[in-house]
Structure formats: C-alpha cells, structure tokens
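[1] sequence isn't available, so here's the structure alone:
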Ligand code: LLP
C-alpha cells in the first residue's frame with residue numbers, strides 16, 4: 001500500500017524524529033467522547049505517561065479528557081497544558097514529598113494511594129497545609145492479563161497497589177484521619193490488553209469488593225479501572241481507531257456501579273499509539289556474511305520498546321517502491337539489542353531512504369534516552 005505520509009515535508013526535517021498525525025488523534029478522541037458519552041458517569045482520563053509532548057497534551061485537553069499522572073513532573077505537565085486540577089488523578093508507588101505537596105497545592109481530583117505509609121505521609125503533609133486530600137486506594141485485584149510479563153501490574157506478585165486482604169484495615173485508617181477523605185477505589189491490571197475477557201475479570205473482582213464494602217455500609221464516590229486497552233501493532237491502518245465501543249460496552253455490561261458512582265478510565269496507548277511514527281533515515285545498507293542490514297539513524301535510544309519488550313513495530317520504507325528485499329533493520333547504538341526488526345521485507349533500501357516505524361505514538365518519544373550522548377528525538381505534529 002502506498003504510504004500516506006507527507007514525504008516532501010518529512011524530507012526537510014532532521015532525522016530521527018517522531019511524526020504525529022493529528023487528524024487521527026482527533027478522530028480517536030472524538031470516538032472516545034462519543035462512545036464513553038453513551039453512558040452517564042463515565043469519565044476518561046489520558047495517561048500522560050504514554051506521551052507528554054506538550055502539543056499532544058493540549059489537543060487531548062481541548063477534547064475535554066482528564067489527566068492520569070504518575071509523577072510530579074507529569075502533574076506539572078498536565079497543569080501546564082491546561083488540564084483542570086480537578087480532573088487530575090495522581091498514582092504511583094513512590095510519591096516524594098514535593099510531589100504530594102504539588103498535588104495538594106493545586107487541589108487535584110485524587111491521589112491514588114498505594115500503601116499505608118504513603119497514606120500517613122499524605123495525611124501529615126495535608127495537615128501542615130490545613131487541607132484535606134482526596135484519596136482513592138489502588139487495590140491489587142490479583143487479576144492477570146494476557147499481555148507481556150513486564151507490563152502486567154495487577155497480580156499479587158507485582159509491586160503495585162494494596163493487597164485485597166488489607167483493604168478494610170486501610171479504609172478504616174483513612175476514615176480516622178482528619179486530613180484525608182476516602183473517595184474511591186482504583187485498579188489497573190496491565191497494558192496492551194486485547195482480550196475483553198481480562199476486563200470482564202476485573203469487573204467481576206470490583207463487583208465482589210463493592211458488595212463486601214456495601215455490606216459494611218461503605219459506598220465510594222468513584223471507581224477507577226485504569227487503562228490497558230491495546231492496539232493492533234501488526235496492522236496499524238486496519239483499525240487505526242481502537243474499538244472503544246466494545247471496550248466501554250464491556251464495562252457497562254459487567255461492572256455494577258452503586259447509585260451515584262462515577263466510573264473513571266485511564267487510557268494511554270489506545271489514545272496516542274497509532275497516531276505516531278518514528279521516522280528514520282537509512283544510513284548504510286551493509287551486506288553481512290549471511291544477511292543484509294539496513295543501518296538507520298534511529299536507535300533504541302529513540303524507541304526502546306523492541307529492545308526492552310521484544311515489541312513489534314511495523315517498519316515501512318516510505319520513499320522506495322522497488323521490489324522487496326530482506327533486511328535486519330538496526331540502529332547505531334553500541335548494543336546488540338539495538339535492533340528494530342529481523343528478516344523484514346522492505347522495498348529495496350538505499351542510503352537516504354526514509355523508514356517509518358509505525359504505532360510509536362505511545363511509550364516512544366517519552367521513553368527516549370540520551371545513552372551514547374545522543375540527542376533526544378523531537379516530535380512534529382502534522
Ligand atoms: N493507569 C495506570 C495505573 C498505569 O500503570 C498505566 C500504564 C495506565 C493507566 C495506562 O495504560 P495504557 O492504557 O497505556 O495501557 N512502557 C510500556 C507500557 C507501560 C504501561 C504502564 N502503565 C510499553 O511500552 O508497552
């Protein structure tokens with residue numbers, strides 16, 4: 001298929017860089033608003049960790065989503081991009097004092113608390129300021145997800161959240177504290193989840209916990225089920241906007257909300273994943289003993305997912321229409337894992353060709369590093 005990239009404009013930008021298709025991003029956001037909007041009380045937050053490019057954040061904020069943050073830096077990025085503080089949630093197993101203070105000063109919607117000592121510190125810091133912090137407890141639901149082991153988060157063995165057995169005790173503690181208000185329960189089972197059955201399993205667990213709490217006369221204001229909806233890395237153009245209708249319908253069908261409760265989501269990858277590509281230039285085509293290499297100017301410092309998770313990103317040669325040949329596509333970093341793809345069929349490659357590594361809008365630019373004293377890649381919106 002002929003690529004739809006604006007090649008001439010891309011040619012003039014120094015590679016490697018991230019290309020973002022804002023039309024696709026906006027379509028994705030409109031679909032989310034339409035599909036979540038079918039259900040009263042559904043609130044969608046964008047997981048800033050997926051991509052904190054300020055212009056991307058601004059577009060997402062303009063469409064009315066809230067923000068889900070995991071560090072003071074992300075809270076700041078969200079506020080700078082204009083997200084209203086009362087739509088900012090802040091999770092994370094290790095919140096520093098200054099990060100908690102930042103949330104308190106700005107009056108964020110909620111801290112998602114992951115341990116007893118953290119709860120105590122939030123209570124103390126809020127008391128010093130004469131504030132009451134809204135807190136939700138992140139409960140580890142011990143629900144597995146059919147995804148890569150490095151990105152499951154909801155199993156008992158993971159470091160995240162408070163064990164279910166401790167939930168009652170922690171809630172009682174919070175109710176005795178003067179400077180925290182217990183408002184919700186938070187869950188997140190993992191990322192790149194395509195099997196709706198995994199979300200159904202989470203719903204069932206939340207229902208059980210809610211029933212248990214209702215028997216104790218406790219009804220929280222909100223439930224937050226995290227994010228995790230996956231995207232199609234094999235076929236980035238087949239369903240570029242993920243199936244949000246099925247995703248929200250699954251929660252609507254299986255999660256029993258108590259009267260007056262709101263249901264919050266924290267979606268990252270499914271919002272920004274398909275709108276971004278890493279654009280890189282072929283430096284050399286090298287004939288090895290048994291295969292040929294396309295050596296490109298982007299490396300694992302620009303997109304670490306293949307090296308870190310053996311993740312697949314579709315590679316396209318967007319400037320050649322010649323017959324295909326087979327290449328290992330590799331970067332310039334001094335690490336054997338600096339490989340974007342092995343035995344990939346691409347239109348014959350020449351020095352100077354542009355390749356696109358697709359589906360790189362989420363956890364791409366934001367995970368870039370300066371290893372080998374490399375410059376961080378820039379992002380350009382089209
Ligand atoms: N909420 C919480 C509490 C999370 O930990 C995460 C992701 C999200 C929401 C957003 O999940 P999403 O909708 O994007 O799946 N770097 C990895 C992904 C790590 C995800 C961490 N948590 C990757 O490149 O695949």
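    Perfect, thanks for sending it. What you are looking at is a predicted structure, and each value in this text was computed from that prediction instead of being measured.
[2] only C-alpha atoms for contact and neighbour calcs from this point on.
    OK.
[3] domain-wise, how is this structure divided?
    22-272, 274-381 (automatic domain parsing).
[4] what's the closest of those to the ligand?
    The ligand lies closest to domain 22-272 among the domains of the chain, at 3.2 Å (CA to the nearest ligand atom).
[5] show me the strands in the stretch 101-250 of the chain, by range?
    Assigned by DSSP state E, counting those that start in this stretch, the stretch 101-250 of the chain shows strands spanning 110-113, 133-140, 162-163, 180-186, 222-224.
[6] now render those as JSON lines, adding mean neighbour count and mean pLDDT.
    Output for the strands of the stretch 101-250 of the chain, formatted as JSON lines (neighbours: other CA atoms under 10 Å; pLDDT from 0 to 100):
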{"stretch": "strand 110-113", "mean neighbour count": "28", "mean pLDDT": "97"}
{"stretch": "strand 133-140", "mean neighbour count": "26", "mean pLDDT": "96"}
{"stretch": "strand 162-163", "mean neighbour count": "20", "mean pLDDT": "92"}
{"stretch": "strand 180-186", "mean neighbour count": "22", "mean pLDDT": "98"}
{"stretch": "strand 222-224", "mean neighbour count": "23", "mean pLDDT": "98"}
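[7] got these as a markdown table, with distance to the ligand columns?
    Output for the strands of the stretch 101-250 of the chain, formatted as a markdown table (distance: least, CA to the nearest ligand atom, whole Å):
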| stretch | distance to the ligand |
| --- | --- |
| strand 110-113 | 9 |
| strand 133-140 | 8 |
| strand 162-163 | 13 |
| strand 180-186 | 8 |
| strand 222-224 | 9 |
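[8] re the thing from before, of all the domains of the chain, which one is nearest residue 5?
    domain 274-381 (7.6 Å; CA to CA).
[9] how about that closest one and the ligand, touching?
    Yes: interface with the ligand: domain 274-381 contributes 305, 363 (CA under 6 Å from any ligand atom).
[10] what about that domain, average pLDDT?
    For domain 274-381, mean pLDDT rounds to 97.
[11] just send the domains of the chain back as JSON lines, with distance to residue 12 too.
    What follows is those, written out as JSON lines (distance: least, CA to CA, whole Å):
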{"stretch": "domain 22-272", "distance to residue 12": "19"}
{"stretch": "domain 274-381", "distance to residue 12": "11"}
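[12] so which of those is nearest residue 16?
    Of those, nearest to residue 16 by CA to CA is domain 274-381, at 4.6 Å.
[13] what about the helices in the stretch 51-200 of the chain?
    54-62, 72-80, 97-106, 116-128, 167-176, 196-215 (DSSP state H, counting those that start in this stretch).
[14] what does the stretch 1-150 of the chain put close to the ligand?
    Counting by CA under 6 Å from any ligand atom, the stretch 1-150 of the chain sits next to the ligand at 47, 50.
[15] now do the contacts for the residue nearest to the spatial centre of the chain.
    The centroid of the chain falls nearest to residue 268 when counting by CA atoms, centre = their mean (3.1 Å). For residue 268, the contacting residues are 46, 47, 48, 49, 50, 51, 227, 228, 362, by CA atoms under 8 Å, 6 or more residues apart in numbering.
[16] give the contact list for the fifth one.
    Going back to what we said before, that points to residue 50. 268, 269, 272, 361, 362, 363, 364, 366.
[17] ok, now with 6 Å
    268, 362, 363 (CA atoms under 6 Å, 6 or more residues apart in numbering).
[18] packing partners for the helix or strand where residue 271 lies?
    Assigned by DSSP states H and E, residue 271 falls within helix 269-272. On a contact count with 3 or more CA pairs under 6 Å, 6 or more residues apart in numbering; DSSP states H and E, helix 269-272 meets no helix or strand.
[19] near the ligand, anything from it?
    Yes: Helix 269-272 reaches the ligand (CA under 6 Å from any ligand atom) through residue 269.
[20] on that earlier part again, among the contacts of residue 268, the buried ones, what's the ChimeraX command?
    To isolate the buried ones among the contacts of residue 268 in ChimeraX, judged by 16 or more other CA atoms under 10 Å, type:
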select :46,47,48,49,50,51,227,228,362
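[21] name the nearest of the contacts of residue 268 relative to residue 257.
    Taking the contacts of residue 268 together and measuring to residue 257 by CA to CA, the closest member is residue 227, at 17.8 Å.
[22] that closest one is in contact with residue 266, isn't it?
    Yes: at 4.4 Å, residue 227 counts as touching residue 266 under the criterion of CA atoms under 6 Å.
[23] check the closest residue to residue 145 other than its chain neighbours and give its pLDDT.
    Beyond its immediate neighbours in the sequence, the residue positioned closest to residue 145 (CA to CA, 6 or more residues apart in numbering) is residue 198, lying 5.7 Å away. Reading off the confidence values, residue 198 has pLDDT 96.
[24] good, we can wrap up now.
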